[in-house]
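Visitor: The following comprises the amino acid sequence and a computationally predicted model.
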Amino acid sequence: MRVNGVTRTLDIEPWVSLLDALRDHLGLTGPKKGCDQGACGACTVLADGVRINACLALAVQYADKEITTIEGIAKGEDGTHPMQEAFVRHDGFQCGYCTSGQICSAVAMLTEHAAGMPSAVTPTTDRIELTDDEIRERMSGNLCRCGAYNGILDAIKDVAAQEAP
């Protein structure tokens, strides 16, 4: 399995979740075990750039995929991703428990938006505007119990504006 750009060999049972493989077998503590039912998003990671709930995925299903966790999402020489920087700048975290899943989800969500993928609230137009409601809908699978949603929203809008053509 490739995790954060490194090929790793695991000897695990076929019923081990991707989340347990990452945390218990590879020591990556960024993805969190929240609900363990796919409802909270704390375990969100990227599989070939697509966001998934690692608690609902079997590790063996992702043997041929590139898995990226918060530990591997950084870009650049300073070791941070623009989304991480924006979360800090806009206070998009409080206790921090959901933050890694929120950041992974936000990065993938901006990629989905850039590719023209609609959400449940997307109007039928040629261009999908990244409104507050659009962002909220696209991020609705990630829950924050502390209520840092305004900071998260501001961080995503900040990065989206930086990435806009």
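Guide: It's in.

Visitor: quick one: what helix or strand has the residue nearest the centre of the chain in it?
Guide: Nearest residue to the geometric centre of the chain (Cα atoms, centre = their mean): C104, 2.0 Å. Taking DSSP states H and E as the definition, one finds C104 inside helix 99-114.

Visitor: which stretches of this structure form helices?
Guide: 18-20, 82-89, 99-114, 132-138, 149-163 (DSSP state H).

Visitor: For the helix holding C104, name the packing helices and strands.
Guide: strand 44-47, strand 50-53, helix 82-89, helix 132-138, helix 149-163 (3 or more Cβ pairs under 8 Å, 6 or more residues apart in numbering; DSSP states H and E). C-beta coordinates here come from the backbone N, C-alpha and C atoms, glycine included.

Visitor: follow-up on the earlier one: got a list of what the closest residue to the residue nearest to the centre of the chain other than its chain neighbours touches?
Guide: Spatial nearest neighbour of C104, chain neighbours left out: T44 (4.7 Å); criterion: Cβ to Cβ, 6 or more residues apart in numbering. By Cβ atoms under 8 Å, 6 or more residues apart in numbering, T44 lies in contact with 31, 51-54, 100-102, 104-105, 141-142.

Visitor: if we take these, which one ends up nearest to G151?
Guide: Lowest distance from G151 to the contacts of T44 (Cβ to Cβ) belongs to Q102, with 10.1 Å.

Visitor: Tell me if I'm right that that closest one and Y149 touch.
Guide: No: under the criterion of Cβ atoms under 8 Å, Q102 is not in contact with Y149, lying 9.6 Å apart.
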